[in-house]
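Visitor: Build me a model:
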Amino acid sequence: MLSDLVSQPRRIAILGSTGSIGRQTVDVIKMHSDIMRASVLVANTSARLIAEQALALRPDVVVIADETKFATLKDLLDGADIEVLAGPKAIEEVVTRDCVDVVVAAMVGFSGFAPTMSAIRAGKEIALANKETLVVAGELVMAAAAANGVRILPVDSEHSAIFQCLNGERHIAPDKIILTASGGPFRGRDRAFLSSVTPAMALRHPNWSMGAKVTVDSASMMNKGLEAIEAHWLFDMPKDKIDILVHPQSIVHSMVEFPDGAIKAQLGVADMRLPIQYALTYPDRLPSPVEQLDFSQWGTLTFEKPDLSVFQNLRVALDCLEQGGNAPCVMNGANEVAVEAFLKEKISFTRMTDVVETALAKCRFIKSPSMSQLYESDSEARRVARDACEAMG
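Guide: Next up is the predicted model:
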């Protein structure tokens, strides 16, 4: 029984409501409409889909990041008594409103950083699916959360698994965090094969349904590097206490090892609605539409070390975690440019690593960057990465 939620449904802002995580968050809210409602919906460019969501959910406000889509969205919601706004600044503003209790940060890439920080400063609880926020500015984000008494609840399946394993054990420092990775569609392949990978091949993930950028990151294993950096900040764990194991079945979502040698794991079918719902109803557990795990259908669960000589994006990300400072910010900005270039077939799959390494070599390293310096580092990294993509094309 969610006694603290029953008297007043939790009012939820979904940043990225038309994306994969956003759509599944909508599913969770619809199932538990007695205790939660979507009060704010935010999308990047999908005016028609966010209008459909708004007409079904009746939020107080909808925001479209792409200001050229404002008129279209306004027309689609004409007469619906829903406020319609547009632009990045509007997103930063709406998350601070009194009609918001929880912000589901599910915008893709660095674009999710500013509104997440705005929500934290306003004291809003964060259900974090945008890993780039912590990758780029983990130290600043966690300090702001502590200063404002804000709880950050992870939505990524791996970080939710770690959070669940630590629940009830927080007075005991874990010895190790073990992040699991599916290995993506190219597990077991060599570097020569990866050089011939097409966007269509990279977008065929064996276990998860995700947006294009995240799916490509998963195929290159950059995603797991980003998750290692995110885990470092979320759980205050140094690099040498974060392990990564390839687990192609995607049943064990991650594990925690304790000083006595005990290991706790969170298991379940590959369905993002489980971690989304857990973040929105924590510390309670409610019935969900997620399929129950039948162990009799899984005779074998396997684990192996990732091959860093093949999946070099993961190696680069782990190096950036160790280096710290603005290195993860530079890496993230360059990677976003590289992924976009790959999807447009301007560079090859393996060239994405070259683009990121070029940016890291050319951009100025800052050991303790301020927020303004992080924005400058992101801009510089993207400029260098775009030039590198042009040169490689």
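
Visitor: Identify the residues contacting the longest strand along the chain?
Guide: When the chain is parsed with DSSP state E, its longest strand is strand 36-43. With contact meaning C-beta atoms under 8 Å, 6 or more residues apart in numbering, strand 36-43 is reached by 5, 9-18, 22, 26, 28-29, 49-50, 53-54, 57, 59-65, 91, 94-95, 97, 99-100, 107, 115, 280. For every residue, glycine as well, the C-beta is placed using N, CA and C.

Visitor: Tell me which strands it pairs with, and in which orientation.
Guide: Take DSSP bridges as the rule and strand 36-43 pairs in its sheet with strand 10-15 (parallel), strand 61-64 (parallel).

Visitor: mind listing the strands for the stretch 151-300 of the chain?
Guide: Along the stretch 151-300 of the chain, counting by DSSP state E, counting those that start in this stretch, strands occupy 152-154, 176-181, 242-246, 252-257, 263-267.

Visitor: can those strands go into JSON lines with extra columns for mean neighbour count?
Guide: Shown next, in JSON lines, are the strands of the stretch 151-300 of the chain (neighbours: other C-beta atoms under 10 Å):
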{"stretch": "strand 152-154", "mean neighbour count": "23"}
{"stretch": "strand 176-181", "mean neighbour count": "23"}
{"stretch": "strand 242-246", "mean neighbour count": "19"}
{"stretch": "strand 252-257", "mean neighbour count": "23"}
{"stretch": "strand 263-267", "mean neighbour count": "17"}
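
Visitor: Rebuild those as JSON lines, extending it with mean pLDDT and distance to residue 84.
Guide: Supplementary listing: the strands of the stretch 151-300 of the chain in JSON lines, determined by pLDDT from 0 to 100; distance: least, C-beta to C-beta, whole Å:
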{"stretch": "strand 152-154", "mean pLDDT": "98", "distance to residue 84": "29"}
{"stretch": "strand 176-181", "mean pLDDT": "97", "distance to residue 84": "40"}
{"stretch": "strand 242-246", "mean pLDDT": "98", "distance to residue 84": "43"}
{"stretch": "strand 252-257", "mean pLDDT": "98", "distance to residue 84": "38"}
{"stretch": "strand 263-267", "mean pLDDT": "97", "distance to residue 84": "40"}
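
Visitor: The ones you listed: which one's closest to residue 164?
Guide: Closest to residue 164 of those is strand 263-267 (C-beta to C-beta; 4.8 Å).

Visitor: who wins for proximity to residue 303 among the strands paired with strand 36-43?
Guide: Closest among the strands paired with strand 36-43, using C-beta to C-beta: strand 10-15, at 34.0 Å.

Visitor: next helix or strand past that closest one?
Guide: Going down the chain from strand 10-15, the next helix or strand is helix 20-31, by DSSP states H and E.

Visitor: Next, the angle from that next one to strand 36-43.
Guide: With axes from the mean of the first three to the mean of the last three C-alpha atoms, to 10 degrees applied, the angle from helix 20-31 to strand 36-43 works out at 150 degrees.

Visitor: and for helix 20-31, what are the contacting residues?
Guide: Residues contacting helix 20-31 (C-beta under 8 Å, 6+ apart): 12, 14-17, 36-38, 43, 53, 56-57, 104, 106, 129, 155, 209-211, 214, 272-273, 276-277, 280, 288-289.

Visitor: so what's the nearest residue to residue 153 once chain neighbours are set aside up against?
Guide: Distances taken as C-beta to C-beta, 6 or more residues apart in numbering place residue 279 nearest to residue 153, at 4.2 Å, with adjacent residues excluded. Residues near residue 279 by C-beta under 8 Å, 6+ apart: 104, 127, 153, 154, 155, 160.

Visitor: The same query, at a cut-off of 10 Å, please.
Guide: 25, 28, 102, 104, 125-129, 151-156, 159-160, 163 (C-beta atoms under 10 Å, 6 or more residues apart in numbering).

Visitor: again with residue 97
Guide: Contacts for residue 97 (C-beta under 10 Å, 6+ apart) come out as 11, 13, 39, 40, 60, 61, 122, 124.

Visitor: so the fifth one sits right up against residue 100, yeah?
Guide: Yes. At 8.9 Å, residue 60 and residue 100 qualify as touching, with contact defined as C-beta atoms under 10 Å.

Visitor: just to revisit the earlier point, how about the strands paired with strand 36-43, which one is nearest residue 339?
Guide: Here strand 10-15 is closest among the strands paired with strand 36-43 (C-beta to C-beta), at 20.1 Å.

Visitor: Stretch 234-253 spans what distance, first to last residue?
Guide: 16 Å (C-alpha to C-alpha, to the nearest Å).

Visitor: again, but for stretch 320-335
Guide: 13 Å.

Visitor: Could you do stretch 159-173 as well?
Guide: By C-alpha to C-alpha, one end of stretch 159-173 lies 16 Å from the other end.

Visitor: if we can go back for a sec, please name whichever of the strands of the stretch 151-300 of the chain is nearest to residue 218.
Guide: Of the strands of the stretch 151-300 of the chain, nearest to residue 218 by C-beta to C-beta is strand 176-181, at 8.0 Å.

Visitor: Run the angle between the closest one and strand 252-257 for me.
Guide: Strand 176-181 and strand 252-257 meet at an angle of 170 degrees, taking the same axes, to 10 degrees as the criterion.

Visitor: in its sheet, what does strand 176-181 sit against?
Guide: In the sheet, strand 176-181 lines up with strand 242-246 (parallel), strand 252-257 (antiparallel) (DSSP bridges).

Visitor: among the ones you listed, which is nearest residue 168?
Guide: Closest among these, once you apply C-beta to C-beta, is strand 252-257, at 11.5 Å.

Visitor: right, so of the strands paired with strand 36-43, which gets closest to residue 70?
Guide: strand 61-64 (6.0 Å).

Visitor: Quick check: beta-bridge partners of the spatially closest residue to residue 57 that is not a sequence neighbour?
Guide: With sequence-adjacent residues excluded and distances taken as C-beta to C-beta, 6+ apart, residue 57 is closest to residue 38, at 4.5 Å. Beta-bridge partners for residue 38, by DSSP bridges, are residue 12.

Visitor: Okay then, goodbye and thanks.
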